[in-house]
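# structure, please.
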Amino acid sequence: MTVTKNELRVLNAIVTDRTPTRKRISASNSMSLVLVSSTLASLEKKGLVSRETSPGTGGGGRPTYTYSFRKILGCSIGIEVEPDHYHIVVLNAAKELIHSDSHPLSLSRDFSEHLDNGGFQESCRVHEFSHATRTRALRSVGRSSIRSG
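Below you'll find the predicted structure:
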């Protein structure tokens with residue numbers, strides 16, 4: 001699948017804007033509303049973005065939509081490591097929290113204690129996602145994609 005230059009501009013606006021509507025995407029990219037609309041339609045057809053009716057647009061006239069990445073497209077994992085703990089955060093493609101967890105670490109503040117023949121000695125216990133946690137995260141992504149897809 002190829003993505004055009006205009007599609008990349010629109011995708012970037014969706015990532016950076018908290019409430020990406022046609023008008024806001026148009027303004028942030030100096031693109032016409034017609035071009036933004038056709039680009040969004042192309043991205044929806046390719047299955048990359050989805051749209052939801054914005055709250056408070058139930059009155060007369062054309063509804064306003066907000067756009068986001070399809071949740072099933074993937075996820076991002078962030079890991080923060082401190083001397084005494086590490087924290088894992090998993091977000092789906094729509095920037096929704098799937099999993100967040102902290103675990104203690106037993107690292108010495110003296111880094112030389114962890115060196116062994118020039119390599120990093122595995123001196124801390126690394127917690128792996130348990131099967132149950134992975135299953136919950138995948139179910140969460142699956143349910144979200146069924147609702148939006």
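# pLDDT score for residue 119?
For residue 119, the pLDDT comes out at 41.
# any low-confidence regions in this structure?
Within the chain, the ranges that satisfy pLDDT under 70 run 56-60, 107-149.
# helices of that one, residue ranges please.
Remark: helices assigned in the chain by DSSP state H are 5-16, 22-29, 33-45, 131-148.
# who touches stretch 44-53?
In this structure, residues lying in contact with stretch 44-53 by C-beta atoms under 8 Å, 6 or more residues apart in numbering are 1, 3, 7, 11, 14, 40, 43, 63-71, 73, 94, 148-149. Using the backbone N, CA and C atoms, a C-beta is placed for each residue, glycine as well.
# break the chain down into its structural domains.
Taking automatic domain parsing as the criterion, the chain consists of the domains 5-69, 73-148.
# and the gap between the residue lying closest to residue 35 once chain neighbours are set aside and residue 39?
Nearest residue to residue 35, sequence neighbours excluded (C-beta to C-beta, 6 or more residues apart in numbering): residue 6, at 6.6 Å. From residue 6 across to residue 39, the span is 5 Å (C-beta to C-beta, to the nearest Å).
# which one's more surrounded, the two?
Neighbour count, other C-beta atoms under 10 Å: between residue 6 and residue 39, residue 39 has more, with 23 against 16.
# shouldn't the more buried one be in contact with residue 10?
Yes. Between residue 39 and residue 10 there is a contact under C-beta atoms under 8 Å: 4.8 Å.
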